[in-house]
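*Asks:* Sequence isn't available, so here's the structure alone:
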């Protein structure tokens, strides 16, 4: 597991303890200007009973605290988009 995936996993486990055995899957956004990666939060909606945009916002807020790895963090619906720092 990469450092990026580990950070995301730590955030999900901490913010949403009701999600059992979360998996972290990174996608590539359909447009490069959206980010280097996109993180789909829809799989957590049922367990948390929260709308995907609410979940995405909470995760995005936490990712912004890790500016040494992430930049230009944004949400689009149930996705958290971000660029990696260089």
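*Replies:* Now that the structure is in, tell me what you want to look at. For clarity, every value in this text was computed on a predicted model and none was experimentally measured.

*Asks:* Where do the helices of the chain begin and end?
*Replies:* For the chain, helices defined by DSSP state H occupy the ranges 3-15, 45-48, 52-63.

*Asks:* Contacts for the second one, please.
*Replies:* It stands for helix 45-48. Residues outside helix 45-48 that contact it (C-beta atoms under 8 Å, 6 or more residues apart in numbering): 16, 18-20, 51-52, 55, 78. To be clear about C-beta, it is placed using only N, CA and C from the backbone, and glycine gets the same treatment.

*Asks:* Relative to residue 22, how far out is residue 11?
*Replies:* Going from residue 11 to residue 22 by C-beta to C-beta, to the nearest Å gives 10 Å.

*Asks:* which of those two has more neighbours?
*Replies:* Each of residue 11 and residue 22 has its neighbours counted (other C-beta atoms under 10 Å); residue 11 has more, 22 against 14.

*Asks:* Run a quick neighbour tally on the residue nearest to that one when sequence neighbours are not counted.
*Replies:* Residue nearest to residue 11 in three dimensions, not counting chain neighbours: residue 62, with 4.5 Å by C-beta to C-beta, 6 or more residues apart in numbering. By other C-beta under 10 Å, 19 other residues sit near residue 62.

*Asks:* measure residue 62 to residue 33 for me?
*Replies:* Relative to residue 33, residue 62 is positioned 23 Å away (C-beta to C-beta).

*Asks:* Tell me, how many residues neighbour the closest residue to residue 80 other than its chain neighbours?
*Replies:* Nearest non-adjacent residue to residue 80, counting by C-beta to C-beta, 6+ apart: residue 39, 4.4 Å away. Using other C-beta under 10 Å, residue 39 has 25 neighbouring residues.
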